[in-house]
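[1] sequence-free structure coming up:
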Ligand SMILES: Nc1ncnc2c1ncn2[C@@H]1O[C@H](COP(=O)(O)OP(=O)(O)OP(=O)(O)O)[C@@H](O)[C@H]1O
Ligand SMILES: [Mg+2]
């Protein structure tokens with residue numbers, strides 16, 4: 001039986017202990033991921049966005065069990081990820097890959113490209129001879145737009161874009177089902193970003209990959225993802241379908257609306273990394289606000305928002321929102337967001 005959902009996440013939590021310091025802060029935790037439930041469908045690109053520190057990378061690392069959870073469950077193709085033994089986990093890891101933001105620090109500078117790509121094959125016992133592995137390596141290099149001539153080079157002898165192509169090759173050489181892309185283009189020149197995005201789209205089709213794509217850049221998500229989840233202080237506050245609605249304009253959470261309104265419309269083409277600016281400070285995830293975590297920054301917050309945490313509810317088919325008053329955003333912010341997104345799209349298409 002082929003399941004529609006490749007990954008099912010249930011109430012996942014990761015609290016990092018803070019070292020007991022001068023003031024005896026024992027028992028204090030950063031709630032990096034604080035109760036996230038969602039599913040990632042087979043073959044889709046699930047985009048994840050939100051301000052720095054909201055827990056995106058921690059969430060991704062949990063899905064690959066690179067770190068252990070504090071609580072919660074992840075089913076990977078029906079397999080309970082956190083109940084696996086080390087040996088079983090190693091076997092399952094063949095079906096997962098990850099590409100990090102900065103290829104320079106994620107590729108070992110002392111290894112040649114050949115050796116970097118040979119490692120995953122060795123770890124998973126793929127290929128029966130040296131020759132067979134070499135052929136696999138050359139084949140994957142060609143798939144990512146590199147060639148045999150790169151085999152004996154070291155990462156520093158490649159451009160940033162080429163380095164990221166190697167990272168991608170390393171992530172998919174075991175023919176995984178699921179690949180986490182953690183800001184895979186944010187460290188690259190703007191001209192290279194589009195090439196890498198196009199490569200990722202091509203590879204997804206060819207290898208039937210499922211992506212979790214993390215980025216600060218909402219326009220990138222608009223371009224590449226099927227669904228988008230917005231995180232705020234360890235929680236998912238909105239999940240929407242970008243394919244059905246054709247754009248990211250229709251939003252119901254004030255935080256999502258502010259994220260979108262803060263995309264710079266004028267210099268979007270030039271910016272290397274889009275900084276998200278939402279009014280107010282991000283509160284600490286050590287002591288998150290009561291009720292709705294966004295209430296101290298929300299211009300529409302009412303009494304209820306301060307005391308009662310809003311659950312993530314399906315407001316329209318496939319569209320989930322964790323807000324007590326989504327109609328206020330719809331009325332007061334959505335029209336501006338839609339207008340802004342349209343003008344950005346026009347700009348990106350090359351208009352004025
Ligand atoms: N190993 C760790 N030990 C302690 N705290 C951590 C650890 N890893 C992450 N954190 C904290 O958990 C929170 C979430 O971090 P995370 O890296 O997941 O955020 P992020 O959304 O990926 O941010 P960015 O957009 O900057 O990459 C932050 O407050 C961070 O400082
Ligand atoms: Mg991160």
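    Noted; the coordinates are in hand. None of these values were measured; they are calculated from a predicted model. Numbering: from 1, shown residues only. Ligands and ions are numbered 1, 2, ... in the order given.

[2] show me which helix runs longest in this protein.
    What stands out as the longest helix in the chain, according to DSSP state H, is helix 190-207.

[3] give me the helices and strands touching the next helix or strand after it, please.
    Tracing the chain C-terminally past helix 190-207 and defining elements by DSSP states H and E, one meets strand 210-214 next. Here strand 210-214 touches strand 29-41, strand 45-49, helix 56-63, strand 178-182, helix 218-224, going by 3 or more CB pairs under 8 Å, 6 or more residues apart in numbering; DSSP states H and E. C-beta: built from backbone N, CA, C; applies to glycine.

[4] give me the sheet partners of strand 210-214 and which way each runs.
    strand 45-49 (parallel), strand 178-182 (parallel) (DSSP bridges).

[5] so how far is the first one from its chain's centroid?
    Meaning strand 45-49. Here the centre of strand 45-49 is set off from its chain's centre by 5 Å, with CA atoms, centre = their mean, to the nearest Å.

[6] just put the strands paired with strand 210-214 in a markdown table and tack on mean neighbour count.
    Shown next, in a markdown table, are the strands paired with strand 210-214 (neighbours: other CB atoms under 10 Å):
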| stretch | mean neighbour count |
| --- | --- |
| strand 45-49 | 25 |
| strand 178-182 | 24 |
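
[7] of these, which approaches ligand 1 most closely?
    strand 178-182 (7.4 Å; CB to the nearest ligand atom).

[8] hmm, that closest one touching ligand 1?
    No. Residues of strand 178-182 are not located near ligand 1 by CB under 6 Å from any ligand atom, the shortest gap being 7.4 Å.

[9] quick check: mean pLDDT of that strand?
    Computed over strand 178-182, the mean pLDDT rounds to 97.

[10] any chance of the helices and strands packed on strand 210-214 in a markdown table, with distance to residue 336 too?
    Below are these laid out as a markdown table (distance: least, CB to CB, whole Å):
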| stretch | distance to residue 336 |
| --- | --- |
| strand 29-41 | 27 |
| strand 45-49 | 19 |
| helix 56-63 | 26 |
| strand 178-182 | 30 |
| helix 218-224 | 15 |
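
[11] so of these, which one's packed in deepest?
    strand 45-49 (a mean of 25; mean count of other CB atoms under 10 Å).

[12] any idea how far residue 242 is from residue 67?
    Residue 242 is 29 Å from residue 67, where distance means CB to CB, to the nearest Å.

[13] which element, helix or strand, includes the residue in the stretch 151-300 of the chain positioned nearest to ligand 1?
    Residue of the stretch 151-300 of the chain nearest ligand 1, by CB to the nearest ligand atom: residue 285 (5.1 Å). Residue 285 belongs to no helix or strand when elements are defined using DSSP H and E.

[14] residue 168 reaches residue 204, doesn't it?
    No. Using CB atoms under 8 Å, residue 168 is not in contact with residue 204, being 10.9 Å away.

[15] the more surrounded of those two?
    residue 168 (25 against 19; other CB atoms under 10 Å).

[16] just checking, residue 146 touches residue 169?
    Yes. With contact defined as CB under 8 Å, residue 146 reaches residue 169; the gap is 7.3 Å.

[17] look at these two and report which has more neighbours.
    residue 169 (26 against 20).

[18] ok, the more buried one - contacts?
    By CB atoms under 8 Å, 6 or more residues apart in numbering, the contact set of residue 169 is 117, 140, 141, 143, 144, 146.

[19] now narrow the residues you listed to whatever sits close to ligand 1.
    Of the contacts of residue 169, not one also sits near ligand 1 (CB under 6 Å from any ligand atom).

[20] farthest pair in those residues?
    117 and 143 (11.5 Å; CB to CB).

[21] looking at the two, which is more packed in?
    residue 117 (23 against 18).

[22] now the helix or strand hosting that one: mean pLDDT?
    Element membership of residue 117, judged by DSSP H and E, is helix 113-123. Mean per-residue pLDDT for helix 113-123: 97.

[23] between helix 190-207 and the next helix or strand after that helix, find me the angle.
    Downstream of helix 113-123, the next assigned helix or strand under DSSP H and E is helix 130-143. On the basis of axes from the mean of the first three to the mean of the last three CA atoms, to 10 degrees, helix 130-143 is oriented at 120 degrees to helix 190-207.

[24] residues in this protein within reach of ligand 1, list them.
    16, 30, 32, 52, 53, 54, 55, 56, 57, 58, 285.

[25] need the contact list for the third one.
    If a contact means CB under 8 Å, 6+ apart, then residue 32 has 14, 15, 16, 55, 58, 234, 285 as its contacts.

[26] over to the last one?
    Taking CB under 8 Å, 6+ apart as the contact definition, residue 285 lies against 30, 31, 32, 34, 53, 54, 55, 233, 234.

[27] next, count neighbours for the nearest residue to residue 233 once chain neighbours are set aside.
    Distance criterion CB to CB, 6 or more residues apart in numbering; nearest residue to residue 233, sequence neighbours excluded, is residue 293 at 4.6 Å. Residue 293 has 26 neighbouring residues, counting by other CB under 10 Å.

[28] with the one 4 residues further on instead?
    Residue 297 has 18 neighbouring residues, counting by other CB under 10 Å.

[29] hmm, it is touching residue 280, no?
    Yes. Contact criterion CB under 8 Å: residue 297 and residue 280 qualify, at 3.8 Å.

[30] worst-scoring helix or strand of this structure, pLDDT-wise?
    helix 334-348 (a mean of 79; mean pLDDT, DSSP states H and E).
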